[in-house]
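Chemist: with the input below, show me the fold.
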Amino acid sequence: MDGTKVRASNSKKNNYNAKKIEGHLAYIEEKTNEYLAELDKNDIKEQTERVSHVQEKIEKLISNKIKYEVLGTALTESQEPQVSTTDPDARALLVQGQVVEVSYNLQAAVDQKHSLVVATHTINRNDRNAMSGIALEAQANLDKKNFTAILDKGYNNSRELETCQQAGIKTLVAPPP
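Modeler: Residues are numbered from 1 along each chain as shown. As a prediction, the model looks like this:
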C-alpha cells in the first residue's frame, strides 16, 4: 500500500486557512485607513481628481473584504482547517520535506501475488492517518479476514496500526528515521 500526491487544479493563492484570511482582512483594514486619511487630506485641499481615484480603491477593498469574510464564514461552518475556492475538495498537503502543494493524496493497495490494484481512494490528508482506511477497503475487496499489509514509514501511526490489528490485518511498516 502506498499513496501519491496529485496536484489539484487549485493554486496555493486560492487555498485559505484562518490565519491567511485574518492576514488579508488586516491588510485591507490598514489600506482602507490609509485611503481614508488620504481622502481627509484631499478634502482640505479640494482635489477632486485624486478623490475619485482613492474612492475606487476603497470600493475595491470593500469588495475584497466581503470576499474574505464570506471565506472565513465558510471555513468556520465547514469546520475544516482549509478552504479551496477553485477545487473545494483539495487541501494544502506536505509533499516532500517542507514543500506544500494544494493536492489530493491517492491511496492504492496492490495484491502482491497478481500485481492487481485491489483498493483505491482519494483523501485530503497525509499518509500518516490513511493506513486503516485503505487497509480495511482492501480487506473488504479481497474478502479476506487476515492478510499482511506492507507500508512505508510515512504510515507509522500507533492508532492506525491498532485499528488494522483489531481488524485482523498484520502490518509491516518501516520504522521512522
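Chemist: what about the helices in the chain?
Modeler: Applying DSSP state H to the chain gives helices spanning 18-45, 48-78, 131-142, 158-166.
Chemist: list the helices and strands the longest one packs on?
Modeler: Counting by 3 or more C-beta pairs under 8 Å, 6 or more residues apart in numbering; DSSP states H and E, the packing neighbours recorded for helix 48-78 are strand 15-17, helix 18-45, strand 82-84. Yep, even glycine has a C-beta here, placed from its N, CA and C like the rest.
Chemist: turn these into JSON lines, including distance to Asp2, mean pLDDT and mean neighbour count.
Modeler: Formatted as JSON lines, those follow (distance: least, C-beta to C-beta, whole Å; pLDDT from 0 to 100; neighbours: other C-beta atoms under 10 Å):
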{"stretch": "strand 15-17", "distance to Asp2": "25", "mean pLDDT": "91", "mean neighbour count": "19"}
{"stretch": "helix 18-45", "distance to Asp2": "31", "mean pLDDT": "86", "mean neighbour count": "13"}
{"stretch": "strand 82-84", "distance to Asp2": "24", "mean pLDDT": "89", "mean neighbour count": "20"}
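Chemist: any chance of a markdown table for the ones you listed, columns distance to Gly72?
Modeler: Formatted as a markdown table, the helices and strands packed on helix 48-78 follow (distance: least, C-beta to C-beta, whole Å):
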| stretch | distance to Gly72 |
| --- | --- |
| strand 15-17 | 8 |
| helix 18-45 | 5 |
| strand 82-84 | 9 |
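Chemist: partners of the longest strand belonging to the chain in the sheet?
Modeler: Counting by DSSP state E, the longest strand found in the chain is strand 99-110. Strand 99-110 pairs in its sheet with strand 2-7 (antiparallel), strand 91-96 (antiparallel), strand 117-123 (antiparallel), by DSSP bridges.
Chemist: including mean pLDDT and mean neighbour count, could those go into JSON lines?
Modeler: Shown next, in JSON lines, are the strands paired with strand 99-110 (pLDDT from 0 to 100; neighbours: other C-beta atoms under 10 Å):
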{"stretch": "strand 2-7", "mean pLDDT": "89", "mean neighbour count": "16"}
{"stretch": "strand 91-96", "mean pLDDT": "83", "mean neighbour count": "17"}
{"stretch": "strand 117-123", "mean pLDDT": "92", "mean neighbour count": "15"}
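Chemist: give me the nearest residue to Ser9, chain neighbours excluded.
Modeler: Asp87 (4.7 Å; C-beta to C-beta, 6 or more residues apart in numbering).
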